[in-house]
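[1] Okay, sequence plus prediction incoming.
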Amino acid sequence: MHPVVRSVLAVVAGVVVAGIVIALMEAIGHTLFPLPGHIDPAHADSLQASMDDIPPGSMLFVIAGWGLGTFFGALAAARLARRFALVHACCVGFIMMAMAVIIMTLIPHPTWFFITAIAIFPIATWLGARGGERRSGPARIST
């Protein structure tokens, strides 16, 4: 497979993996911390008007989902690309952070949430890249 095609597919796969992990974490969070009945998550206006009523535990699951999703997405991209693990992981991390910033811009979130979210992406990306690096075995000394 051509290296450019492999790179693009690695990043796309990383974003898909991240999205799946985020969806699972948010589903768990909403199960453990259900939204109040007057909030309709399908409508941004409802979320925006009721942001103060959303349980903090639910918001922490969103942050955890973004972090874990970015980690596993970056890990997948780094592994699949086979070369330049950090570059591929950073592509996934950048895409995930950009999508989060768009969400936080459209629906204002508390300051603590914004700061925590922005801090989690580079950390998760770096950890995913480190985990996805292909390492050679231990050095052998020939005699």
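    Received, thanks. Numbers count the residues shown, from 1 in each chain.
[2] worst-scoring helix or strand of the chain, pLDDT-wise?
    Taking mean pLDDT, DSSP states H and E as the measure, helix 44-49 is the helix or strand of the chain with the lowest mean score, a mean of 65.
[3] contacting residues around the closest residue to residue 120 other than its chain neighbours?
    Counting by Cβ to Cβ, 6 or more residues apart in numbering, residue 67 is the residue found nearest to residue 120 once chain neighbours are left out, at 4.2 Å. Every residue, glycine included, has its C-beta placed from N, CA and C. Applying Cβ atoms under 8 Å, 6 or more residues apart in numbering, we find residue 67 in contact with 120, 121, 123, 124.
[4] So which other helices or strands are in contact with the one helix or strand the second one maps to?
    When secondary structure is defined using DSSP states H and E, the element that contains residue 121 is helix 111-132. Contact analysis of helix 111-132 by 3 or more Cβ pairs under 8 Å, 6 or more residues apart in numbering; DSSP states H and E lists helix 56-81, helix 85-106 as its packing neighbours.
[5] The last one: how far from the chain's middle?
    It refers to helix 85-106. Helix 85-106 sits 7 Å away from the centroid of its parent chain (Cα atoms, centre = their mean, to the nearest Å).
[6] low-confidence ranges in this structure?
    36-52, 134-143 (pLDDT under 70).
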